[in-house]
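Engineer: What follows is a predicted structure for the sequence shown.
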Amino acid sequence: MDEQDLRGLIADVRDGRTSRRDFVRRMVAVGLTAPMAGMMLAHGGVAMADATLPYKPAKAGGGGLLKMLLWQAPTLLNPHFASGTKDQIASRIFFEPLAGWDKEGNLIPQLAAEVPTKENGGLSADGREVTWKLKRNVKWHDGKPFTADDVVFTAEYAADPGTAAYTTGSYNNIKVEKLDDYAVKITFKEPTPFWADPFVGVTGQILPKHHFGDYKGAKSRDAPANLKPVGTGPYKFVDFKPGDVLTGERNTDYHVPNRPFFDRIEVKGGGDAVSAARAVLQTGEYDYAWNLQVEDEVLKRMEAGGRGKSSAVVSGDIEFIILNPTDPWTEVDGERSSAKTKHPTLSEPKVREAINLLIDRDSIQKFIYGRGGAATASFVNEPPRFKSQKLKYEFSVDKANKILDDAGYKRGSDGIREKDGKKLKYVFQTSINAPRQKTQAIIKQACQRAGIDLELKSVTPSVFFSSDVANPDTYTKLYVDMEMYTTTQPQPDPERFLNQFVSWEIANKENKWLGRNVSRYADPAADEAYKAAQKELDPVKRAALLIKVNEIFCEANVILPLLSRTRVAASAGNLMHDHSGWDVDTWNLAAWYRT
């Protein structure tokens, strides 16, 4: 399909001769995903579709209590500090972005009056400017009006280095101007093909200036609203016990008519994925459970009980391992795993190569995850045109042994290889979760056959995924030799997802370990390709540049992808919920209802 054919198809959709659905199907057939097809229509002047969950209740309220389980318990409620998905989910109950992503990849207005397009004047022809028109008559939970001042402030807040926000990468290279009380303009330094990042989805939640204005920069952690949010969302804050229970009540002044349906919401944290699934699918004690990282056979048995249902949606999320190229056992300037250090053995490429060969991805998929993931060697897997076709995985203990032999690592009397007094002995960390512990065990067994000793460490999820700067066991600290977790692709475009591989995002003490590059690995070629991709408007060239960034880290065997994850959730049989693989589970919470 050439450019002329594509322009003709977009015109057919715009003029009503072809349906949006037919266009999306044709694009998927040639290697795009629905989200990217939706962005193409937006660029072509076609309005975004409505959300994928039709809302049927005729009035707000009357739904009683909605009970949710997040088995990784939330610990904070400021979305710009929320490096863990469970904190992002909790924050989105109260705060909203200008727009969010539905499961089909449509960009759905939330605090925006409409999605910017060239036709409505929202997108400039040169790809440098985006104008957002805001909804009128939206109020913060304390009754104050929501205006463009709040949007501009949120950008300043997140971009301030002193704030040390998790979202800073979305805001530090843009200019945001107030055009009037209900319009803002974003100016990018370069042509920006994927403009739907600032103020959109996970990174886009808007903060009230009148609550956070005095807490920008160095005072950011002192804001009372970090734990007692005042937002624009469908539910108002009632109470929060970090690591335990979060409660809210219906926002009777919500800006969408007849919503929300539920009168109250309770989010219970803690436990594990299996007990969370059981509480929804078997006992019916809860209405919804997130992120069911449960062995597939176990999940199928629970579903047979008939009290609930599970849903799995396509996403770009990846379960992977980081091999720490820095030294986690030596402290430099008040931090371990400093980018100024080198790991005694994992800084050696051949050792990392050998470990990658000792991961039996096919068995992990077949016997543990089933519907929950597909084995992969690529960090980026969705959309398909951004997935590397070059990267392949292999499981071979024999090849790993030969590599280590050739590298000079000899087995000692205890069977563990060493060279120059440095043993291949590592601490392998992940969160407490049955599939992850079984994955650890599979990898440990293979490593033993190659003379590598792994000490398995499991951390409570609420600790592992927290943003607590004082806790040494958070995943961003990486105070171990290797660790495993899932990272969430928050958008149907991998640009922001891949900023985990750029040097300026390295997690360290200065940014309170909220930098997105947890591995600390850096490569000038990856930096260069990433920066080039940010301003490349040719979609083929841009995809090639982003694929290169992915390949550099995977071929260095610092990042070891395991499984391309689907997002699996459980819900009560009568609960209508809007589950998206491109946004957090609560992205459209106002539209949930019970039949």
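Structural biologist: Everything's here; your move. Numbering: from 1, shown residues only.
Engineer: By mean pLDDT, point me to the weakest helix or strand of the chain.
Structural biologist: The helix or strand of the chain with the lowest confidence, counting by mean pLDDT, DSSP states H and E, is helix 34-43 at a mean of 60.
Engineer: Which elements pack onto the helix or strand that comes right after that helix?
Structural biologist: Taking DSSP states H and E as the definition, the helix or strand that follows helix 34-43 towards the C-terminus is strand 65-70. Contact here means 3 or more Cβ pairs under 8 Å, 6 or more residues apart in numbering; DSSP states H and E; on that basis strand 65-70 packs against helix 85-91, strand 264-269, helix 273-281, strand 288-289. The way it works is simple: take the backbone N, C-alpha and C, and place the C-beta from them, glycine included.
Engineer: If you count contacts, what does the next helix or strand after the shortest one end up packed against?
Structural biologist: The reference is to strand 288-289. Per DSSP H and E, the first helix or strand lying C-terminal to strand 288-289 is helix 296-303. Contact analysis of helix 296-303 by 3+ Cβ pairs under 8 Å, 6+ apart lists helix 273-281, strand 308-313 as its packing neighbours.
Engineer: okay if I get the helices and strands packed on strand 65-70 as JSON lines plus distance to L323 and mean pLDDT?
Structural biologist: Formatted as JSON lines, those follow (distance: least, Cβ to Cβ, whole Å; pLDDT from 0 to 100):
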{"stretch": "helix 85-91", "distance to L323": "23", "mean pLDDT": "94"}
{"stretch": "strand 264-269", "distance to L323": "31", "mean pLDDT": "97"}
{"stretch": "helix 273-281", "distance to L323": "26", "mean pLDDT": "94"}
{"stretch": "strand 288-289", "distance to L323": "32", "mean pLDDT": "96"}
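Engineer: of all these, which lies closest to Q500?
Structural biologist: For the helices and strands packed on strand 65-70, proximity to Q500 was assessed by Cβ to Cβ; helix 85-91 is nearest, at 14.3 Å.
Engineer: Check which element follows the closest one along the chain.
Structural biologist: Past helix 85-91, heading to the C-terminal end, the next element that is a helix or strand (DSSP H and E) is strand 99-101.
Engineer: Please identify the buried residues of whichever strand or helix holds K175?
Structural biologist: Here K175, judged by DSSP H and E, is contained in strand 174-180. Of the residues in strand 174-180, those with enough neighbours to count as buried (16 or more other Cβ atoms under 10 Å) are I174, V176.
Engineer: Could you pull out the strands in the stretch 351-500 of the chain for me?
Structural biologist: Here the stretch 351-500 of the chain has its strands, by DSSP state E, counting those that start in this stretch, at 373-375, 410-411, 417-419, 422-423, 425-431, 453-459, 482-487.
Engineer: mind checking how far the residue of the chain positioned farthest from its centre is from A400?
Structural biologist: Note on the chain: the largest C-alpha distance from the chain mean falls to S413, namely 44.6 Å (Cα atoms, centre = their mean). Between S413 and A400 the distance, using Cβ to Cβ, to the nearest Å, works out to 21 Å.
Engineer: What's the first helix or strand after the longest helix seen in the chain?
Structural biologist: Secondary structure of the chain per DSSP state H: the longest helix is helix 539-555. Where DSSP H and E defines the elements, the next helix or strand beyond helix 539-555 is strand 559-565.
Engineer: who does that following strand touch, helix- and strand-wise?
Structural biologist: strand 318-323, helix 361-364, strand 373-375, helix 539-555.
Engineer: List of residues touching the last one?
Structural biologist: Spelled out, that is helix 539-555. With Cβ atoms under 8 Å, 6 or more residues apart in numbering as the contact definition, helix 539-555 has outside contacts at 193, 377-380, 385-388, 390-391, 494-495, 498, 501-502, 519, 521, 523, 525-526, 529-530, 532-533, 536, 559-561.
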